[in-house]
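Q: no sequence on this one, just coordinates:
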């Protein structure tokens, strides 16, 4: 299936992209910065799932950004949509076989660390995986990676150091913390926020970690940034407003775009 999809995309002119980008909830405007060569709806691509979340566009973009050939997923897939984690991470495997050397991911997440505020950015330094399944379950394909991949440093130290340095240069506040992934799609209860903070989480979301596991399985260096769209204080918890979460993601996106653009220029 991977090879079939790779051959289809090569026939569409997608050749040797250097950087793969996954754009999370409310974070699709980075594609406006790309000099687009090829743009495909997911439904046109063999073996690709379809994005069923209304604020995920569902497009694969290939083009040039900061002088580099990039592939961008405008909208990702989630476990809560009913897909297996193998389906959720399928595009990452395709991008790696097509030739990407670096993977940059973004997501919208809830801030649990009381020092983090709505609209801030957080660089993922580590994660806690609370999903009930794993994208590496089942028979291992040895050509893709080892049966028991190491996860002692799931996020590239090289990319993270560059991003922290760039953030300082651009005067952008960039926290560094631990991301907890949960199944969703409901948001958390007060007791769950206390639990997740208690086990070491700084932010919580419903994506990214399966893609990072697969990237590590394939020895693909990756970095991920969360846009913190709401403050999850269990002692002052207000009902979640998804429209407000999307609005906050959009407002904070400009900082994310500047970080990713500058990083890509340096790679």
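A: That came through fine. Just so it is clear, the model here is predicted, and its values are computed rather than measured. Numbering: from 1, shown residues only.
Q: which stretch of helix or strand covers residue 39?
A: Using DSSP states H and E, residue 39 sits in strand 35-41.
Q: Could you identify the helix or strand that succeeds that strand?
A: Per DSSP H and E, the first helix or strand lying C-terminal to strand 35-41 is strand 59-65.
Q: What are the buried residues along that following strand?
A: Going by neighbour count (16 or more other C-beta atoms under 10 Å), the buried part of strand 59-65 is 59, 60, 61, 62, 63, 65. C-beta: built from backbone N, CA, C; applies to glycine.
Q: circling back to that earlier point, just checking, what packs against the strand holding residue 39?
A: strand 59-65 (3 or more C-beta pairs under 8 Å, 6 or more residues apart in numbering; DSSP states H and E).
Q: Which pLDDT value belongs to the most centrally placed residue in the chain?
A: What sits nearest the mean C-alpha location of the chain, by C-alpha atoms, centre = their mean, is residue 105, with 3.1 Å. Per-residue pLDDT puts residue 105 at 98.
Q: Which residues are in contact with the closest residue in space to it that isn't next to it in sequence?
A: Beyond its immediate neighbours in the sequence, the residue positioned closest to residue 105 (C-beta to C-beta, 6 or more residues apart in numbering) is residue 224, lying 4.0 Å away. Each residue near residue 224 by C-beta atoms under 8 Å, 6 or more residues apart in numbering is listed here: 104, 105, 106, 107, 123, 124, 155, 179, 208, 212.
Q: Tell me which stretches of this protein form helices.
A: Using DSSP state H, the helices of the chain run over 2-11, 85-98, 157-169, 190-198, 209-217, 242-266.
Q: just so I know, which of the ones you listed lies nearest residue 133?
A: Checking those against residue 133 by C-beta to C-beta gives helix 85-98 as the closest, at 5.2 Å.
Q: could you give the angle of that closest one to helix 2-11?
A: Helix 85-98 and helix 2-11 are oriented at 50 degrees to each other (axes from the mean of the first three to the mean of the last three C-alpha atoms, to 10 degrees).
Q: Which strands or helices does helix 85-98 pack on?
A: helix 2-11, strand 19-23, strand 68-74, strand 102-111, helix 209-217.
Q: and the spatially most distant residue from the centre of the chain, how far is that from residue 122?
A: The centre of the chain is farthest from one residue, residue 235, which by C-alpha atoms, centre = their mean lies 29.2 Å away. Using C-beta to C-beta, to the nearest Å, we find residue 235 at a distance of 21 Å from residue 122.
Q: same deal with residue 202?
A: According to C-beta to C-beta, residue 202 and residue 122 sit 7 Å apart.
Q: before we move on, what about residue 15?
A: 34 Å.
Q: How about residue 103: which residues does it bridge to?
A: Per DSSP bridges, the residues bridged to residue 103 are residue 20, residue 222.
Q: Residue 39 too?
A: Assigned bridge partners for residue 39, using DSSP bridges, are residue 61.
Q: what's around residue 44, how many residues?
A: Look at residue 44: counted by other C-beta atoms under 10 Å, it has 12 neighbours.
Q: do the same with residue 23
A: Close neighbours of residue 23, defined as other C-beta under 10 Å, add up to 26.
Q: next one: the one 4 residues further on
A: Burial of residue 27 is recorded as 25 neighbouring residues (other C-beta under 10 Å).
Q: same thing with residue 67?
A: 9.
Q: Tell me the spacing between it and residue 18.
A: Residue 67 is 10 Å from residue 18, by C-beta to C-beta.
Q: One more: residue 235?
A: Taken as C-beta to C-beta, the span from residue 235 to residue 18 is 46 Å.
Q: which regions of the protein lie under the pLDDT threshold?
A: By pLDDT under 70, the weakly predicted segments of the chain are 52-56.
Q: This completes my enquiry, with thanks.
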